[in-house]
Structures are given as C-alpha cells and as structure tokens.
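K.L.:
kindly return the folded structure for what I paste below:
(one chain, ligands or ions: 1)
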Amino acid sequence: MLTLHKAGLSTTPALVPIDGTLRPGELLAIVGPNGAGKSTLLSMLSGYRPCEEGEVRLDGRLLQEWEIDALASRRALVAQQEPLGFDWRVEELVCLGCNPEKALIAELLDDLDLIHLAKRSALTLSGGERQRVMVARGACQILSRRSATAKDGGLLLLDEPTSALDIGQQQRLMRQLRVWAEQHQMAIVCVLHDLNLASTYADRVWLLNKGQRISHGLPNQVLSLDTIADIYAAELQLIRASPAAAPFLALRP
Ligand SMILES: Nc1ncnc2c1ncn2[C@@H]1O[C@H](COP(=O)(O)OP(=O)(O)OP(=O)(O)O)[C@@H](O)[C@H]1O
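P.N.:
Just a heads-up that it's a prediction; the model follows:
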C-alpha cells in the first residue's frame with residue numbers, strides 16, 4: 001500500500017532516508033525518545049510534509065501527485081493535538097468532512113466506547129474521551145469514502161493515540177486497532193511511547209533516534225533490553241511471563 005524508497009528529509013527537522021513497505025492489515029508501531037523524529041516521519045508518510053529525498057508512494061503513485069480529495073479518502077492522519085475549531089457534538093465531529101452512513105458512525109462510536117457521548121459537545125470532553133473521538137474521526141474519514149472496488153481499508157496514521165488514555169482504554173483502543181486492521185484490511189501506523197503496547201499489539205516496530213531509524217523488525221527483535229536502555233538512557237529490566245509471552249520492559253526503581 002505504502003512504499004518508501006530512500007525517503008528522507010534534508011531540512012530541519014531532518015530524517016535520514018528510509019526504505020520500507022506498509023501492507024494492508026498490518027499495525028506498525030513507531031517508537032523512540034522525545035525529539036527522535038516520530039511526528040516528523042508521520043507527517044512525511046501522510047504527505048503533509050513531502051519527502052525531500054527519495055520517494056513515498058501510496059498505491060504505486062507518488063504521494064505528491066495525489067489530489068487532496070483522493071488522498072483524504074485513502075489516508076487519515078490523527079495528530080497529537082487536533083484543534084476542535086467549533087462547538088461540535090461528538091457524532092458531528094466524527095464525520096466532519098465526510099458523509100458516512102449512520103450505521104458506520106454508530107459502529108465507530110461503539111468500537112471506541114463513545115456511544116454514551118454521541119450527543120455531547122466535544123468542548124466538554126475529557127482529554128481521553130476527546131482523544132478517542134479523534135481516532136474515530138480518522139477511521140471514519142477513510143472508511144466512509146472507501147470505494148466499492150477498494151481491496152483494502154486505507155491507511156490510518158496515529159500520533160500517540162494512547163497518551164491520554166487509562167490502561168483499560170489503552171487496551172481497548174489497541175485491540176480495536178488490531179480488529180480494524182484485520183476486518184477492513186487497514187494499514188495502521190501508530191506512534192507510541194509505551195513500548196509494552198508496541199510489543200503486545202504491533203506486527204512490526206520501527207525504532208527512531210535523532211532523526212534516524214536505527215532498528216526495525218518484529219517487536220521482540222527491536223525492543224531488546226540493551227538497545228532500549230541505551231537509547232532512552234533508562235535503567236530497565238525485562239520481564240517475561242512465559243517463554244511465548246511478549247517481553248515486558250519495566251523501569252528499575
Ligand atoms: N519547525 C522546527 N524547527 C526546528 N526544529 C524542529 C521543528 N519541528 C520539530 N523540530 C525538532 O525536530 C525534532 C523531531 O521532532 P518530532 O516532533 O518529530 O519528534 P518526536 O519524536 O515526535 O518527539 P516527541 O516524542 O517529543 O513527541 C525535535 O528535536 C524537534 O524539536
């Protein structure tokens with residue numbers, strides 16, 4: 001669906017060129033310390049910041065050649081802080097800019113535990129509620145515009161979608177992203193600070209540091225104790241509930 005060929009940014013904030021592919025149905029986590037370039041990479045993947053070296057292609061076509069409307073029907077970006085702009089009700093905000101079936105709105109609100117807030121003013125939401133509404137809105141943007149002939153559910157790019165969520169909502173959201181990926185064959189890219197969410201839910205992980213992707217692959221290959229402790233300058237311990245379980249990185253007291 002999305003392919004990067006030596007795609008990079010040479011002006012500040014810069015990114016060392018990256019090769020890679022994102023396939024329908026897959027959940028990719030982008031992790032790395034503060035200032036590593038995760039949001040910058042996401043804006044390059046979305047096309048908001050065109051790459052300055054190499055190329056990024058969506059469905060085989062260069063991102064910068066897409067018409068805005070056509071691109072909006074294939075990929076959605078949910079940034080860290082989306083402005084509300086107006087006093088929308090939740091059910092209106094979710095479908096801003098698109099014209100979804102009522103059933104899709106209800107489904108997405110239900111998916112993210114938002115049904116009880118449908119009639120509420122978005123200005124009155126808590127931080128975590130608002131964050132879930134914005135994720136629902138991103139999904140609505142691409143699912144409602146999906147063409148009848150589309151083989152997949154498009155590309156959903158999420159910048160730290162769990163940062164304001166309690167642990168129960170983090171789990172529900174990450175499980176729901178996996179369901180959307182599989183059910184709609186959506187490709188989902190998620191910037192995450194919680195490395196344990198990445199190792200539990202992501203198919204693959206890209207680890208960034210200082211504007212460079214320094215490791216990529218399966219979560220348990222990328223999120224090794226030594227690498228993470230070094231990159232984050234943190235004292236950590238690895239906990240594994242069973243040999244088959246995902247490794248859990250915990251802070252040392
Ligand atoms: N317009 C700008 N001018 C100069 N530097 C910038 C600009 N925008 C971002 N940067 C710098 O580029 C680097 C990468 O920023 P980016 O927001 O991509 O990091 P991040 O990995 O998403 O960080 P965080 O985890 O803190 O959200 C940071 O050091 C940031 O200060």
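K.L.:
in the stretch 1-150 of the chain, mark out all the strands, start to finish.
P.N.:
2-9, 15-22, 27-31, 53-58, 61-62, 75-78 (DSSP state E, counting those that start in this stretch).
K.L.:
would you list these in JSON lines and tack on mean neighbour count and mean pLDDT?
P.N.:
(Glycine included, C-beta is placed from N, CA and C.) Formatted as JSON lines, those follow (neighbours: other CB atoms under 10 Å; pLDDT from 0 to 100):
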{"stretch": "strand 2-9", "mean neighbour count": "19", "mean pLDDT": "98"}
{"stretch": "strand 15-22", "mean neighbour count": "17", "mean pLDDT": "97"}
{"stretch": "strand 27-31", "mean neighbour count": "26", "mean pLDDT": "98"}
{"stretch": "strand 53-58", "mean neighbour count": "17", "mean pLDDT": "97"}
{"stretch": "strand 61-62", "mean neighbour count": "12", "mean pLDDT": "96"}
{"stretch": "strand 75-78", "mean neighbour count": "23", "mean pLDDT": "96"}
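K.L.:
which of the ones you listed sits closest to Glu235?
P.N.:
strand 27-31 (18.0 Å; CB to CB).
K.L.:
circling back: reformat the strands of the stretch 1-150 of the chain as a markdown table; add distance to Leu173.
P.N.:
Output for the strands of the stretch 1-150 of the chain, formatted as a markdown table (distance: least, CB to CB, whole Å):
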| stretch | distance to Leu173 |
| --- | --- |
| strand 2-9 | 22 |
| strand 15-22 | 20 |
| strand 27-31 | 12 |
| strand 53-58 | 25 |
| strand 61-62 | 31 |
| strand 75-78 | 12 |
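K.L.:
redo the ones you listed as a markdown table? Include distance to the ligand.
P.N.:
A markdown table is the format used below for the strands of the stretch 1-150 of the chain (distance: least, CB to the nearest ligand atom, whole Å):
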| stretch | distance to the ligand |
| --- | --- |
| strand 2-9 | 10 |
| strand 15-22 | 8 |
| strand 27-31 | 8 |
| strand 53-58 | 16 |
| strand 61-62 | 22 |
| strand 75-78 | 13 |
